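Chemist: Next come a sequence and a model predicted from it.
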Amino acid sequence: MSVPHLDREFDYLVSEEQSDDAQPGVRGAAAFPQVGLSTGSSWSAAPRPITSGKLAWLDRVVSAEAVLTPEIRRLVDAVAARYAGTRADVLRLAVPPRHARWSVKTKRQPELSAVSAVDRAAWEAYAAAGNF
């Protein structure tokens, strides 16, 4: 569910343990009062807080794989402005939800399945069959 009044940037503190993974372009999760834990994308990083207000801590890094490149960020901003949408809605379309599953799977070696013998007789009628 989209919450338009939350469609802006928020500042968070990042712990030492998360500092290597919490880079611009990665997905993170943080708590919002009355909303609970919510995920979002990191837009930028600063060595010290930009605001003088009280900041909450980033709860966790969802995926350390940076998917929100500067090019995608500019495109998201342009599409949201042009079509009067929220950046969150545009991001859901620009960054597929299956990315999280993909990033987990890439950390381990893919399993190779055995290929059974192929009957080449059916392919002989094609001139380039030998390339397959």
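Modeler: Happy to help now that I have it.

Chemist: burial of residue 66, as a residue count?
Modeler: Other residues within reach of residue 66, judged by other Cβ atoms under 10 Å, total 14. Placement of C-beta: from N, CA and C, glycine included.

Chemist: Quick check: it touching residue 28?
Modeler: No - using Cβ atoms under 8 Å, residue 66 is not in contact with residue 28, being 11.5 Å away.

Chemist: Can you give me the neighbour number for residue 69?
Modeler: So residue 69, with other Cβ under 10 Å, has 11 neighbours.

Chemist: Ignore what I typed, I meant residue 18.
Modeler: 19.

Chemist: Now it: closest residue in space, sequence neighbours ignored.
Modeler: Nearest residue to residue 18, sequence neighbours excluded (Cβ to Cβ, 6 or more residues apart in numbering): residue 61, at 5.5 Å.

Chemist: How much space separates the one you found from residue 31?
Modeler: Going from residue 61 to residue 31 by Cβ to Cβ, to the nearest Å gives 14 Å.

Chemist: can you confirm residue 92 is in a strand?
Modeler: No - per DSSP: H, G, I helix; E, B strand; the rest coil, residue 92 lies outside any strand segment and is helix.

Chemist: What pLDDT does the model give it?
Modeler: pLDDT, residue 92: 78.

Chemist: measure it to residue 27 for me?
Modeler: Going from residue 92 to residue 27 by Cβ to Cβ gives 12 Å.

Chemist: Please list all residues in contact with residue 68.
Modeler: 24-26, 41-43, 76, 91, 95 (Cβ atoms under 8 Å, 6 or more residues apart in numbering).

Chemist: min pLDDT across these, which one?
Modeler: Out of those, that is residue 95, at 72.

Chemist: quick one, what contacts the nearest residue to that residue once chain neighbours are set aside?
Modeler: Nearest residue to residue 95, sequence neighbours excluded (Cβ to Cβ, 6+ apart): residue 67, at 5.1 Å. By Cβ under 8 Å, 6+ apart, the residues touching residue 67 are 25-27, 41, 95, 99.
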